[in-house]
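Trainee: here is the input, now give the coordinates:
(chains A and B)
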Amino acid sequence: MLKNIRIALWVAVAVALVGVGALLWHADRQEQAAAFKPEFSLPDEAGTIYTAADFRGKHVLVFFGFTNCPDICPTTMAEVAQVMDDLGPEAAEVQPVFISVDPVRDRESGLGEYLEAFHPSILGLAGDEAATQAAVGSFKVFGERHEDASAPGGYTMSHSSSLYLLGPRGDWLRQFEYGTPADDITADLKERL
Amino acid sequence: MLKSTAAALVLATILPASAFAECVEVTQGNITVSAAWSRATIGTERPAVFYVTIRNDGGSDERLVGIETPVADMPMLHESVMENGAARMSHVDQIVIAPIDAVSLEPGGYHGMLMDLQTELVEGTTFPVTLLFEKSGPVTIDTAVLPLRAREAACEEAL
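Mentor: Prediction:
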């Protein structure tokens, strides 16, 4: 009888140890996930450098694109503009950022004016090659030049087409794939704000 | 006061109705083209876009093999292709419209890319685009220039 109780207690100890181990492992994993803070350091048209840290306290919606793109980029910016309108007063807590993957051409053709036509809140950033690639790499996304005789200027860009959401502490929260309706993005943001 | 309220009420009734009026529709043989729209541009530096819906009421495949417009010197048929979350545009030689079927050139898929723009596209105006079909020949439709922010045609298409 006593022996049985002793065995049962040791089993309980083993279960508890496994449980604590699992909890610790889980917490560590969460910490790792929370530790993913994509960075960028890029100028707007006026030359003011913005980094991810400048938007602490706000949710940041990041898109990588280029303005010679007639389909995906304006469609996504139109969705973002709709989201910003639909958020109402809460829009003040969200900063949309457009990072150019074709910065030289986009600076020449007027990135700020273009984005303002969608929504005045959208901040356009266009750095040099190194800073742009650093941002692309930090977000673990993709932006690459392709020579294409049938495209304006003889090249086009392939680029990650999702919207990326960073939280108020700069931590990666999620992505919205291309084609996510504005209503779904607005609903997701409203739950977080 | 009462008068302006009445006028506002009338406008409130008419405006949505006119905004979602039936699309301009052009039929030639078995092909009906409708809901042609584009987005306003800022200047002529960047390429513009062309979206349209094509219905084939015939008994065999029809092919759209090109587009022409006076507003752009280099109009082409393109397709946005998604690969592993990345978007890329590729040139397409033709777009097949199966019998008793419709194909839409729409955001995120097939579209006309209007390069070497000759004139700024101004919201509220229209411009002609000629679609070149293999069997039905050229079909010209007035294309509505919608706001830069537009996400879809501002009318009911003839699907």
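Trainee: low-confidence ranges in chain A?
Mentor: A:1-2, A:19-35 (pLDDT under 70).
Trainee: ignoring the adjacent residues along the chain, who's closest to the residue nearest the centre of it?
Mentor: In chain A, the residue lying closest to the centroid (Cα atoms, centre = their mean) is A:Tyr164, at 2.3 Å. Spatially, and ignoring its direct neighbours in sequence, A:Tyr164 is nearest to A:Val62 (4.4 Å; Cβ to Cβ, 6 or more residues apart in numbering or on different chains). Every C-beta, even on glycine, is put in place using the N, C-alpha and C of the backbone.
Trainee: count of residues packed around that neighbour?
Mentor: Using other Cβ atoms under 10 Å in any protein chain shown, A:Val62 is surrounded by 25 other residues.
Trainee: in a helix, the residue nearest to the centre of chain A, correct?
Mentor: No - per DSSP: H, G, I helix; E, B strand; the rest coil, A:Tyr164 lies outside any helix segment and is strand.
Trainee: so what's it up against?
Mentor: Contact analysis of A:Tyr164 by Cβ atoms under 8 Å, 6 or more residues apart in numbering or on different chains lists A:38, A:61-63, A:139, A:141, A:172, A:174-175.
Trainee: who is it paired with across the strands?
Mentor: Beta bridges link A:Tyr164 to A:Val62, A:Gln175 when assigned by DSSP bridges.
Trainee: what distance do you get for it to chain B?
Mentor: Using Cβ to the nearest Cβ, to the nearest Å, A:Tyr164 is found at 11 Å from chain B.
Trainee: what is the burial count for B:Ser38?
Mentor: 27.
Trainee: now A:Ala46
Mentor: 6.
Trainee: helix/strand/coil for residue 81?
Mentor: This is for chain A. Per three-state DSSP, A:Ala81 ends up helix.
Trainee: ok, now which ones touch the residue nearest to it when sequence neighbours are not counted?
Mentor: Nearest residue to A:Ala81, sequence neighbours excluded (Cβ to Cβ, 6+ apart): A:His119, at 3.8 Å. For A:His119, the contact set (Cβ under 8 Å, 6+ apart) comprises A:77, A:80-81, A:84-85, A:96, B:149.
Trainee: 10 Å - rerun?
Mentor: Going by Cβ atoms under 10 Å, 6 or more residues apart in numbering or on different chains, A:His119 touches A:77-78, A:80-85, A:91, A:96, B:149.
Trainee: just the helices in the chain please.
Mentor: No chain in the question, so chain A it is. For chain A, helices defined by DSSP state H occupy the ranges A:2-34, A:72-86, A:103-109, A:111-118, A:129-138, A:182-192.
Trainee: hmm, no, I was thinking of chain B.
Mentor: Using DSSP H, helices in chain B cover B:2-19.
Trainee: so the longest strand anywhere in it, near chain A or not?
Mentor: Ranked by residue count, the top strand of chain B under DSSP state E comes out as strand B:72-83. Yes - Strand B:72-83 comes into contact with chain A (Cβ under 10 Å from any Cβ of the partner chain), by way of B:74, B:76, B:78-83.
Trainee: can you pick the most crowded of those?
Mentor: Busiest of the residues of strand B:72-83 next to chain A [other Cβ under 10 Å] is B:His78, holding 25 neighbours.
Trainee: any idea what that one is bridged to?
Mentor: With DSSP bridges as the rule, B:His78 is bridged to B:His91, B:His111.
Trainee: contact partners for it?
Mentor: Applying Cβ under 10 Å, 6+ apart to B:His78 gives the contacts A:70-71, A:150-151, A:156, B:47, B:49-50, B:89-92, B:105, B:109-113, B:115.
Trainee: before we move on, back to that, of the contacts of A:Tyr164, just say which sits nearest to A:Asp183.
Mentor: Among the contacts of A:Tyr164, A:Leu61 lies closest to A:Asp183 (Cβ to Cβ), at 15.0 Å.
Trainee: right, and A:Gln95 touches A:Leu125 too?
Mentor: No - using Cβ atoms under 10 Å, A:Gln95 is not in contact with A:Leu125, being 11.3 Å away.
Trainee: who has more neighbours, those two?
Mentor: A:Leu125 (24 against 20).
Trainee: what's the closest non-adjacent residue to that one?
Mentor: Here the residue nearest A:Leu125, using Cβ to Cβ, 6+ apart, is A:Leu42, at 3.9 Å.
Trainee: wouldn't that neighbour be in contact with A:Asp106 here?
Mentor: No - between A:Leu42 and A:Asp106 there is no contact under Cβ under 10 Å: 11.5 Å.
Trainee: need the residues touching each of these two.
Mentor: A:100, A:124-126.
Trainee: could you dump those to TSV with distance to A:Arg56?
Mentor: Shown next, in TSV, are those (distance: Cβ to Cβ, whole Å):
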residue	distance to A:Arg56
A:Ser100	23
A:Gly124	20
A:Leu125	17
A:Ala126	23
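Trainee: top of these by number of neighbours, please.
Mentor: A:Ser100 (27 neighbours).
Trainee: so what's that residue up against?
Mentor: A:42, A:63-67, A:73, A:106-107, A:111, A:115, A:124-127, A:132, A:135, A:143, A:157, A:159.
Trainee: for B:Arg88, same thing?
Mentor: With the criterion set at Cβ under 10 Å, 6+ apart, B:Arg88 makes contact with A:72, A:142, A:144, A:146, A:148, A:156-159, A:161, B:79-82.
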